[in-house]
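> Sequence first, then the predicted structure:
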Amino acid sequence: LNPIGTGESRRLPVGDITSLGNVVWFPDGKHLLLTGATEGQSLRSYEMDLEGGKPQPLGPPDFVGSAIARDGKQIAGRNGSAEAVVFDRQTQKLQMVPGVEPHDQIENWTEDGKGLLVVSATPWDGRIYRVDTTSGKRTLLQAVEPSEKAGSTQDVRLVYAERSKAYAYSTVRVLGALYVVEGLE
């Protein structure tokens, strides 16, 4: 844990987790959502209290969370079948989310808490949608198609600030040079 400004960094004990993936702040700023796996197990979600203690399993064993609602009560992610779901921390139940495609990346909750921002991307373009968690209605918010596509090797990474309707994206390109050599024997 690294402070912004003055202060000392400190290591956070992750207990038996041997492989750590995604880390997301809870809105209270006192807890983290971790995606990780213990030895021989598949990825799952954990909640970690920054004041101490090891991470505690969160949700069903096959739930991998990726976005926390502003009130901290719901977490969007995927189940073991890669279906989009919302885990309700109060009821401890999963609800399926229609309208989120298998290749979509769940980025965040909408500001009103009624939808998810999801990204659908390839190395040549990216689109961000608002998906209503109840109806599954998809609304395109932004499409990006970089003008330089040659050498694109990874999906376009697209982030969207809902309030300001601003976006940023990045691409990875690997370029090379081809030489023609004549007269070799």
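The structure has been received and is ready for your questions. Residues are numbered from 1 along each chain as shown.
> Tell me where this structure has strands.
Along the chain, counting by DSSP state E, strands occupy 17-25, 31-38, 44-49, 56-57, 64-68, 74-78, 84-88, 93-96, 105-109, 115-121, 126-132, 138-144, 157-161, 166-170.
> what's the fifth one packed up against?
Translated: strand 64-68. For strand 64-68, the contact count by 3 or more CB pairs under 8 Å, 6 or more residues apart in numbering; DSSP states H and E identifies strand 17-25, strand 31-38, strand 44-49, strand 74-78, strand 105-109 as packing neighbours. The C-beta positions use only the backbone N, C-alpha and C, and glycine is treated the same way.
> now do the longest one
Judged by 3+ CB pairs under 8 Å, 6+ apart, strand 17-25 is in contact with strand 31-38, strand 64-68.
> Please apply the same query to the third one.
On a contact count with 3+ CB pairs under 8 Å, 6+ apart, strand 44-49 meets strand 31-38, strand 56-57, strand 64-68.
> Please identify the most buried of those.
Compared across those, strand 64-68 shows the largest average neighbour count, a mean of 22 (mean count of other CB atoms under 10 Å).
> Sounds good, over and out.
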